[in-house]
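Colleague: Provide a 3D model corresponding to the input given below.
(one chain, ligands or ions: 1)
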Amino acid sequence: MFGFMLTEEEKRLAEEVRDFVKQVPRQMLLDMDENRVHYPKEFIKEAAARRLLGLRFPPEYGGRGLGWTQEVVALEEVGVLGMALGCLYSLVSIVGEAVNVFGTPDQKERFLLPTVRGELGCAEALTEPRGGSDFFGATTVARREGGNYYLRGQKRFIVGAEGADYFLVYARTNPEAPPHKGISAFLVERGPGVKVEYLYGLMGTRGGGAGRVVFQDAQVPVENLVGQENGAAAIFYQMMIPERMTSAAGAIGLARAALEVAAAYSTKRKAFGQKIKEFQGVSFKVADSLTRLDAARSLVYVTARAVDAGVDGGTARRLVSESKKFATQAAWDVVNDAMQIMGGIGYTSVYPVEKYLRDARLALIWTGTNEIMNLIIQHEYYRSLQAQEAEKAAAFRDVEQDAAAAGDREEKVYE
Ligand SMILES: Cc1cc2nc3c(=O)[nH]c(=O)nc-3n(C[C@H](O)[C@H](O)[C@H](O)COP(=O)(O)OP(=O)(O)OC[C@H]3O[C@@H](n4cnc5c(N)ncnc54)[C@H](O)[C@@H]3O)c2cc1C
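Modeller: Below is the predicted model:
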């Protein structure tokens with residue numbers, strides 16, 4: 001972490017989280033990885049007891065009223081526990097964001113407060129078997145009858161399918177409307193009509209209870225509609241901030257842990273009569289890894305500060321997507337190099353690097369694949385380019401005219 005960039009308060013928070021992370025039982029991590037534990041409620045309860053969940057939410061709902069910057073400081077520390085616990089920790093921030101920003105006072109009392117206190121476990125149900133990237137193509141439907149909605153459809157890969165008490169579910173409420181204007185978000189409690197039909201065998205990130213959840217005319221009272229009917233696009237965009245920032249910051253923590261293990265090993269392990277860190281092939285990997293992590297951290301911190309400062313939606317979306325893409329790719333490269341530094345023993349369960357590698361691979365895929373991040377980054381950039389064209393013409397040097405033959409208009413052919 002960048003201690004020198006943090007305020008005293010942020011440094012104290014990092015210490016507090018490190019203290020929490022230290023006491024997490026090793027056996028819990030092993031049991032999760034062996035699929036002996038599917039949803040470690042005691043982890044959530046302990047984090048809540050230390051008031052470390054939902055840091056950004058107002059104190060009346062159990063939070064500390066902190067900002068995004070403080071949250072990424074905390075997440076980097078939690079990240080060293082691996083992606084499954086990082087995810088369970090983050091879900092409070094992700095689902096909580098929807099309720100905190102768009103929910104009614106009653107929803108905040110019934111859902112946000114007990115979630116931040118660790119009394120209720122939450123999950124988010126966006127992805128469907130037909131595809132996660134095309135979120136607005138959702139086919140789960142909610143039809144209203146009197147004071148209730150009835151949800152029908154299924155969601156796939158839902159962390160907390162096993163274990164969570166309620167789900168934030170997106171469903172189509174107006175099939176005639178364009179996708180962005182026909183989806184609503186609901187708080188759906190586990191109960192009749194909500195079934196877990198499949199638990200996935202995962203390469204890594206195990207122990208989060210990831211499964212397929214089927215809604216068979218699940219009855220949801222109108223009081224559990226979040227925000228406006230058909231207005232869930234705004235909720236989705238808002239939730240993607242914590243969704244992707246927590247992925248980014250958590251991945252940095254995970255990769256930091258891998259690098260620490262590998263670097264320590266390189267100071268002890270000998271080959272050809274010398275410590276392997278004396279070989280450039282090894283020490284330069286450490287240098288590259290540090291550079292990648294510091295660059296990722298810089299981008300993630302700047303993005304968090306930008307969102308804290310209230311930057312416009314398009315810029316926030318671009319920066320958040322860049323952070324998610326860059327930090328998760330950096331994490332993957334760092335963990336992969338950590339394994340390479342350690343040679344064969346890195347591939348075994350004698351060191352945790354093989355688990356970090358299995359975990360880190362998911363970061364490139366979930367919370368929006370890195371290809372989808374590219375889609376958003378270029379989209380927001382081109383949009384801002386158009387919007388700023390007139391402003392730019394007045395304020396900036398027209399560099400295109402600096403070419404020797406800039407005036408040869410007949411050569412500037414575009415079609
Ligand atoms: C272990 C795990 C836990 C998860 N947890 C949750 C959770 O708790 N809640 C939840 O809702 N979801 C969760 N997800 C789902 C995850 O977010 C999705 O898997 C992810 O968004 C990708 O969706 P998909 O798997 O359907 O892939 P698809 O959307 O089918 O994409 C397949 C490939 O096509 C590419 N692609 C698709 N569209 C484009 C495009 N326009 N341009 C370029 N490339 C494109 C993708 O990048 C990808 O490489 C989880 C997934 C896993 C594996």
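Colleague: interface residues of the protein facing the ligand?
Modeller: 124-127, 131-133, 157-159, 202, 205, 210, 362, 365-369, 371-372, 375 (CB under 6 Å from any ligand atom). For the C-beta atoms, the positions are set from N, CA and C on the backbone; glycine is no exception.
Colleague: Might you list the low-confidence residue ranges for the chain?
Modeller: Along the chain, the model assigns pLDDT under 70 to residues 1.
Colleague: try 80
Modeller: 1-2, 387-394 (pLDDT under 80).
Colleague: Could you give the number of residues near whatever residue of the stretch 101-250 of the chain ends up closest to the ligand?
Modeller: Closest residue of the stretch 101-250 of the chain to the ligand, CB to the nearest ligand atom: residue 132 (2.5 Å). The number of residues packed near residue 132 is 19, by other CB atoms under 10 Å.
Colleague: how much space between it and residue 105?
Modeller: According to CB to CB, to the nearest Å, residue 132 and residue 105 sit 32 Å apart.
Colleague: quick revisit: among the residues of the chain next to the ligand, which are in helices?
Modeller: Among the residues of the chain next to the ligand, DSSP state H puts 362, 371-372, 375 in helices.
Colleague: Quick check: phi and psi on the spatially most central residue of the chain?
Modeller: For the chain, residue 247 is the residue whose C-alpha lies nearest the centre (CA atoms, centre = their mean; 3.0 Å). Backbone torsions of residue 247, given as degrees, to the nearest 10, read phi -60, psi -50.
Colleague: Skipping adjacent residues, who's closest to it in space?
Modeller: Spatial nearest neighbour of residue 247, excluding adjacent residues (CB to CB, 6 or more residues apart in numbering): residue 367 at 4.4 Å.
Colleague: before we move on, the earlier item: nearest to the ligand, of the ones in helices among the residues of the chain next to the ligand?
Modeller: residue 371 (3.4 Å).
Colleague: neighbours around the closest residue in space to residue 130 that isn't next to it in sequence, how many?
Modeller: Using CB to CB, 6+ apart and skipping the chain neighbours, the partner closest in space to residue 130 is residue 139 (6.3 Å). The local packing of residue 139 (other CB under 10 Å) involves 14 other residues.
Colleague: what do you get for residue 7?
Modeller: As a burial measure, residue 7 scores 11 neighbours (other CB under 10 Å).
Colleague: Tell me the buried residues in the helix or strand hosting residue 296?
Modeller: For residue 296, the host element (DSSP states H and E) is helix 280-308. Using 16 or more other CB atoms under 10 Å as the test for burial, helix 280-308 gives 282-283, 285-286, 289, 292-293, 296-297, 299-301, 303-307.
Colleague: tell me what that helix is packed against?
Modeller: Contact partners of helix 280-308 among helices and strands, from 3 or more CB pairs under 8 Å, 6 or more residues apart in numbering; DSSP states H and E: helix 68-79, helix 232-266, helix 313-342.
Colleague: Helix 313-342 and the longest one, what's the angle between them?
Modeller: This points to helix 232-266. Interaxial angle of helix 232-266 relative to helix 313-342 (axes from the mean of the first three to the mean of the last three CA atoms, to 10 degrees): 20 degrees.
Colleague: The shortest one too?
Modeller: Counting by the same axes, to 10 degrees, helix 68-79 lies at 20 degrees to helix 313-342.
Colleague: Quick check: next helix or strand after helix 68-79?
Modeller: Assigned by DSSP H and E, the successor of helix 68-79 is helix 83-102.
Colleague: Show me the contact partners of the helix or strand following that following helix.
Modeller: Next in sequence after helix 83-102, counting helices and strands by DSSP H and E, comes helix 105-107. Residues outside helix 105-107 that contact it (CB atoms under 8 Å, 6 or more residues apart in numbering) are 99, 187, 223-224, 226.
Colleague: Just the buried residues of the residues you listed.
Modeller: The neighbour count (16+ other CB under 10 Å) marks 99, 187, 224, 226 as buried among these.
Colleague: Would you mind listing the residues in contact with the third one?
Modeller: Residues in contact with residue 224, defined by CB under 8 Å, 6+ apart, are 107, 149, 186-189.
Colleague: Show me the two of those residues that sit farthest apart.
Modeller: Greatest spatial distance in the contacts of residue 224: 107 and 149, 14.5 Å, computed using CB to CB.
Colleague: Settle it for me: which of the two has more neighbours?
Modeller: Comparing residue 107 with residue 149 by other CB under 10 Å, the one with more neighbours is residue 149, at 24 against 20.
Colleague: would you say the more buried one is within a strand?
Modeller: Yes: with DSSP: H, G, I helix; E, B strand; the rest coil as the criterion, residue 149 is part of a strand.
Colleague: ok, it touching residue 186?
Modeller: Yes: counting by CB atoms under 8 Å, residue 149 touches residue 186, with 6.5 Å between them.
Colleague: which residues do these two both contact?
Modeller: In terms of CB under 8 Å, 6+ apart, residue 149 and residue 186 are both contacted by the residues 142, 171, 220, 224-225.
Colleague: and the gap between the spatially closest residue to residue 306 that is not a sequence neighbour and residue 372?
Modeller: Using CB to CB, 6+ apart and skipping residues adjacent in sequence, the residue nearest residue 306 is residue 319, 5.6 Å away. The gap separating residue 319 from residue 372 is 15 Å, by CB to CB.
Colleague: Looking at these two, which is more packed in?
Modeller: Of the pair residue 319 and residue 372, residue 319 is the one with more neighbours under other CB under 10 Å, namely 24 against 18.
Colleague: any idea how far that one is from residue 241?
Modeller: 10 Å.
Colleague: Overlap in contacts, those two.
Modeller: Common neighbours of residue 319 and residue 241 (CB under 8 Å, 6+ apart) are residue 307.
Colleague: that older thread, figure out how far the helix holding residue 296 is from the centre of its chain.
Modeller: Averaging C-alpha positions (CA atoms, centre = their mean, to the nearest Å) puts helix 280-308 17 Å from its chain's average.
Colleague: same deal with stretch 252-267?
Modeller: Distance, stretch centre to chain centre, for stretch 252-267: 22 Å (CA atoms, centre = their mean).
Colleague: do stretch 311-322 as well
Modeller: Relative to its parent chain, stretch 311-322 has a centroid offset of 15 Å by CA atoms, centre = their mean.
Colleague: hang on, isn't residue 77 packed against residue 24?
Modeller: No: when contacts are counted by CB under 8 Å, residue 77 is not listed as touching residue 24 (11.2 Å).
Colleague: If you count surrounding residues, which of those two has more?
Modeller: When residue 77 is set against residue 24 and neighbours are counted by other CB under 10 Å, the residue ahead is residue 77, at 25 against 19.
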